[in-house]
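Visitor: Build the 3D model from these lines:
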Amino acid sequence: MPTQNSDFRAVLIVLLLLWIFLSPDSSDPASLTPPEIAQARQARFQGALDVLNTTRWGDFAPSAPGKGDNSHKEDPRFANITGFSQLDGKGYAWEDLGRFRNRCREWSRNAFPSSTILGRLDDDSGWERSINGPAIWQNATGTLHGTWVRRPGTVSRQAAGYNLSAIAPGATWPSGLGEWGRNITGDHGTIELRIDEDEGGGVYQEKTEGRISRGAGLARKIQAVATIQDEATKASSLSLHLHGVHWPRQGAILLTTSSEKFDGIFGLPHLAPGPGFFHTGQHLLNETLGKIIQAREKSEYGFPSNPWGSRMDLEDDGIAAQCEYVMYVQLHPMYLSRWYKDPEELESFIEEVERELRFPTGAPVGRIPDLRASMVTWSPDCSFFLESKGPPHFPVVDGDHLIGMKEDMFTYTAKEWLIAFAAVILGQIWLFKAQMKQSSTPSTTGRVSFWTVGTMLFADGMIFVTACAWSLNATITLLPCLLVTFAAFISMFIEGAFLSEVWKIQEPERRMRERGREQAAAANRNASSSGTGTAPTAPQPATTQPQAPATTQPAAPPPPVQPRQPIIVPSDGDIDEAEQLADLLSGASALPLPATATRPGQPAQPNEPRPPTPFSTVAKRFVLAGLFLLFLSAVATSWPSHIRSFYVNTLSFLYLSLWLPQIIRNTQRNSRQAYSWRFTIGQSCLRLLPFAYFFLREDNVLLADPDPYAFLVFVGWMWIQLWIMFAQSILGPRFGVPRGWVREAWDYHPVLRDDDLEGVTLPIGLARTGTGLSTAPVSPAEERNRSWSLAGGGGGPTSSSAEAGEGSSTNGGGGGGPRNREREKEREKQKGVAMRSVDCAICRELLEVPVFKAGGNGSGSPSSSAGRGGGGPTSGITGVFARKAYMVTPCRHIFHTDCLEGWMKYRLQCPICREELPPL
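Guide: From the prediction side, this is the model:
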């Protein structure tokens, strides 16, 4: 038996695991970085910043004459920045730089089809000013998602063709490099782009001749996290942390990754599609990057890592080589109901709308448009392009580029969803409290499936843990998160209390099952031992030794008879089976044993009964299963999309199968209905609502892809479970189940037949005495035998009067003769059924039940039954309702149906002899 100390140690282990996995990582990467590496990285960054300050537009022109960017016809020029310099042998695929710039301009032109393009796409002098005018979000902070297609580059590049030691001589690269990481080889997939733009810092605005420039004269610092999923190769998703510049008046965003082999943030202005973008981007980066470098120089650790990198580049086994990315995002214009001729007035209106979204004051802003954009991404080292899927190259049904919502709208939507989800949980609590009042007795609680309530408890516990984790990092959505946390905790507490009560009440059933398994195992051991004991043995050699004469030994005196100890029955009438068994074996029990207990003369169990399993053990199993599921779900976020989708759908299907254990329990216990229909239907609908939101709505808070077919499967499966439970309540719990699959159930409404003289099959009080020709009343009321007529023509005096009336009418020729003859035929048909009376021990009222004559089939004589093709009263509706008026227990006691059903709501014991009763 486990001790309390073991339980305490298990709780400590669970708490320790929670602290280890949920505590924030406070380790400083600077303590793991050698000083020489940090100093070399600092010198490299400072040199790259100096190059950025001294270069102009056109100083970086790596394209060969006549190829790529046609604006430069001179010899290729490179910059002294890591990844942008001229190297021995093959360098990066800079031949596609002109192609990348042209694709950026084309994407901007497609986003503004109504704008007049000044010049050709390759004209760098004024194209960025031609897209000025339409309404564009000035702050791009938000989340976008869409699909992409992959296009190969002009030249092919492989990881084995690069000399990383020449590109980044200060870094330590692992030996035996194969394919680079973050390499996308599939032709299509999905992307999720989370953009974060801080207006408070990193802003540059150019002024020319006393007035603000209306071209690309405004630039802001921006960063984003891109999650790219390759659906063609079913590979795991990859995440990129990109930094760059946003030109809000044009809605253009240029982002890049940075690493030890590619200082993309320092060469970003040279990758811009025009000179205006280069000029403002250069001034902005000189200011922002210079501040970061100066702050790190004053720091004790310097540059332990790349502050603009997408990951921790320095590892124990060296630096992992990965593909680099340059991303251009073009925001699409908003469609407003009002037309603004003055660009400054339009810009002022958009700023007011964004200010109202961020700091709401109640001003009317109307419907907030979606955040839309198109994207083109280029990998200069792995040489391929990723383009958002949409017009004009693809129809809208195949893709509409990138669609999402601003962060302010996303936060508002998340608040609404959290409040609605909390209301759903509170509705579940209300239904559960109402059901607990109906299942407050041992009999009604025994019908409930432990695993159905356990599934609800486990799901609400997972919601509670997830809401707690979200609340730790939530700022704007803190109050709605706390509301969901509180509702989930209350639901978990109530369901846990009810589940513990179900566990305690159903403990005798588990003991009976364990006892049955132990008896079956003991019988198998005895059979195997007896089989081995009957093996033939070698014959013993005959001996001629004389045998001793037989002597008669006196018989041992019988053991003294132990006095019988009285049994004090508690007020509630409950006597444990183990106590009854021990008292009966010792000769001290005066009450009958239940049918499942061991009878006298049977061998006692070799082992003592096991102590009941406490509910705390089950609760710890639930906690460990929840922790395992949390860790598995965290790992599943990096799985391929099809495996992740299968994992989510499987968990959802198992969760929505919560009524299946109740259906199985109804069949095993032969119990019709354990819950009210309000609880069953209400819980089904409320627990399906979150799935409807995530599987049907595209702009959900998790940005999950909708799957209406999976949701239809969930709804159909839930509907099937509800119909099965409804059929069990109407047609019987074992309707459609083969008889051999379950144990035989007791029929509380049997057909009572007087089959023998002793009447051992009849309930006590209805059995005949003597030869069966006469009956003796066994109840306080006088037993009455009368013929049973469906037309109301009873026996006794009524029959005599009818017969007298029939004779008089016959003799006198009255009109009542045919009616009396029909009554006589009906009495002749039903003459094999007699009504007998007995007192109900619960209500002390008279109970009349139909008893069939010995050898009868409840349909009169066989000839009459065959002639009519009918079955008699037991096969008709009248016979069914007559049998529903009484209930007979296995111990042969009979009661009113309403009386015994009301009694069995509180106790599954016979009111007379206290024998255990099977459930209804």
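Visitor: Give me the spatial nearest neighbour of F695, chain neighbours excluded.
Guide: Spatial nearest neighbour of F695, chain neighbours left out: F711 (3.9 Å); criterion: C-beta to C-beta, 6 or more residues apart in numbering. The C-beta positions use only the backbone N, C-alpha and C, and glycine is treated the same way.
Visitor: Buried residues, the strand or helix carrying the one you found. List them.
Guide: For F711, the host element (DSSP states H and E) is helix 708-731. Across helix 708-731, burial judged by 16 or more other C-beta atoms under 10 Å covers A710, F711, V713, F714, V715, M718, Q721, I724, M725, Q728, S729.
Visitor: Provide a list of residues in contact with the third one.
Guide: I take that to be V713. F653 (C-beta atoms under 8 Å, 6 or more residues apart in numbering).
Visitor: and it, how far is that from F695?
Guide: 10 Å (C-beta to C-beta, to the nearest Å).
Visitor: How about the fifth one?
Guide: Counting by C-beta to C-beta, the separation of V715 from F695 is 10 Å.
Visitor: got it, and the first one?
Guide: According to C-beta to C-beta, A710 stands 6 Å off from F695.
Visitor: can you give me the strands in the stretch 251-400 of the chain?
Guide: Using DSSP state E, counting those that start in this stretch, the strands of the stretch 251-400 of the chain run over 252-256, 314-315, 318-319, 326-331, 371-379, 384-388.
Visitor: any idea how far R109 is from N102?
Guide: From N102 to R109 the distance is 10 Å (C-beta to C-beta).
Visitor: same check, this time on A373
Guide: Counting by C-beta to C-beta - A373 and R109 are separated by 14 Å.
Visitor: Are we agreed that P850 is in a strand?
Guide: Yes: counting by DSSP: H, G, I helix; E, B strand; the rest coil, P850 is located in a strand.
Visitor: pretty sure it is touching L752, no?
Guide: Yes: here P850 reaches L752: they are 6.9 Å apart, a contact under C-beta atoms under 8 Å.
Visitor: what's the neighbour count on L52?
Guide: Neighbours of L52 under the rule other C-beta atoms under 10 Å: 23.
Visitor: Read off the pLDDT value for it.
Guide: Looking at L52, its pLDDT is 91.
Visitor: ditto for D7
Guide: Looking at D7, its pLDDT is 56.
Visitor: could you give the mean pLDDT of the one helix or strand A834 maps to?
Guide: According to DSSP H and E, A834 maps onto strand 833-839. On average, the pLDDT along strand 833-839 is 81.
Visitor: How about stretch 892-903?
Guide: Averaging pLDDT along stretch 892-903 yields 88.
Visitor: Quick one: end-to-end distance for it.
Guide: Taking C-alpha to C-alpha, to the nearest Å, stretch 892-903 runs 17 Å from one end to the other.
Visitor: Please apply the same query to stretch 890-901.
Guide: One end of stretch 890-901 sits 15 Å from the other (C-alpha to C-alpha).
Visitor: Number the residues from 3 up from this point.
Guide: Sounds good: first residue 3 from here, last item stretch 892-903.
Visitor: For it, which residues meet the burial criterion?
Guide: For stretch 892-903, the neighbour count (16+ other C-beta under 10 Å) marks C893, R894, H895, I896, F897, H898, C901, L902 as buried.
Visitor: Which of those residues sits closest to G49?
Guide: When those are compared for distance to G49 (C-beta to C-beta), L902 wins out at 94.2 Å.
Visitor: and that closest one, backbone torsions?
Guide: Taking degrees, to the nearest 10, you get phi -70, psi -40 for the backbone angles of L902.
Visitor: Which strand or helix spans the closest residue to it other than its chain neighbours?
Guide: Residue nearest to L902 in three dimensions, not counting chain neighbours: M889, with 4.5 Å by C-beta to C-beta, 6+ apart. Take DSSP H and E as the rule and M889 turns out to sit in strand 888-890.
Visitor: Please list the residues outside the next helix or strand after that strand that contact it.
Guide: Sequence-wise, the next helix or strand downstream of strand 888-890 (DSSP H and E) is strand 896-898. Residues outside strand 896-898 that contact it (C-beta under 8 Å, 6+ apart) are 765-768, 840, 842-845, 847, 849, 851, 887-891, 905, 913.
Visitor: Now that we have the residues you listed, which of them are buried?
Guide: Judged by 16+ other C-beta under 10 Å, buried ones among the contacts of strand 896-898: 765-768, 840, 842-843, 849, 851, 888-891, 905, 913.
Visitor: Would you mind naming the residues that bridge with the residue nearest to L902?
Guide: Counting by DSSP bridges, M889 is bridged to F897.
Visitor: Could you verify my assumption that it touches T899?
Guide: Yes: here M889 reaches T899: they are 5.1 Å apart, a contact under C-beta under 8 Å.
Visitor: any idea how far M438 is from K506?
Guide: 15 Å.
Visitor: lowest-confidence helix or strand of the chain?
Guide: Least confident helix or strand, the chain: helix 864-870 with a mean of 35, by mean pLDDT, DSSP states H and E.
Visitor: Look at R667 and report its pLDDT.
Guide: With respect to pLDDT, R667 scores 91.
Visitor: just A12 next, same as before
Guide: 62.
Visitor: Output the longest helix belonging to this structure.
Guide: Assignment by DSSP state H gives helix 409-440 as the longest helix of the chain.
Visitor: Enumerate the positions of the very next helix or strand once past that one that are buried.
Guide: Counting by DSSP H and E, the next helix or strand C-terminal to helix 409-440 is helix 444-448. Residues P444, S445, T446, T447, G448 are the ones in helix 444-448 that count as buried (16+ other C-beta under 10 Å).
Visitor: Which single one of the residues you listed is nearest to Y303?
Guide: Using C-beta to C-beta, those come closest to Y303 at T447, 63.1 Å.
Visitor: For A254, which residues are in contact?
Guide: Residues near A254 by C-beta under 8 Å, 6+ apart: C106, S110, E130, A218, H248, P275, F279, Y330, V331, Q332, L333.
Visitor: hmm, try it at 7 Å
Guide: Residues in contact with A254 (C-beta atoms under 7 Å, 6 or more residues apart in numbering) are S110, F279, Q332.
Visitor: S385 now?
Guide: When the contact criterion is C-beta under 7 Å, 6+ apart, the partners of S385 are A95, D98, G155, V157, S158, R159.
Visitor: What values do phi and psi take at it?
Guide: With angles defined as degrees, to the nearest 10, S385 sits at phi 60, psi 70.
Visitor: could you give the angle of the lengthiest strand in the chain to strand 386-390?
Guide: Identified as the longest strand of the chain according to DSSP state E is strand 220-232. Strand 220-232 and strand 386-390 are oriented at 100 degrees to each other (axes from the mean of the first three to the mean of the last three C-alpha atoms, to 10 degrees).
Visitor: got the buried residues for strand 220-232?
Guide: Going by neighbour count (16+ other C-beta under 10 Å), the buried part of strand 220-232 is L220, A221, R222, K223, I224, Q225, A226, A228, T229, I230, Q231, D232.
Visitor: Please report the distance of the third one from E358.
Guide: Distance check for R222 against E358: by C-beta to C-beta, it reads 20 Å.
Visitor: try the fifth one
Guide: For I224, the distance to E358 under the criterion C-beta to C-beta works out to 22 Å.
Visitor: Let me have the contacts of S385 in CSV, adding secondary structure, pLDDT and distance to G253 as columns.
Guide: CSV is the format used below for the contacts of S385 (DSSP: H, G, I helix; E, B strand; the rest coil; pLDDT from 0 to 100; distance: C-beta to C-beta, whole Å):
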residue, secondary structure, pLDDT, distance to G253
A95, coil, 87, 28
D98, helix, 91, 24
G155, coil, 90, 26
V157, coil, 85, 31
S158, coil, 83, 34
R159, coil, 80, 31
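Visitor: The residues you listed: which two are farthest apart?
Guide: Farthest pair in the contacts of S385, by C-beta to C-beta: D98 and S158, 11.2 Å.
Visitor: Which of the two has more residues huddled nearby?
Guide: D98 (24 against 11).
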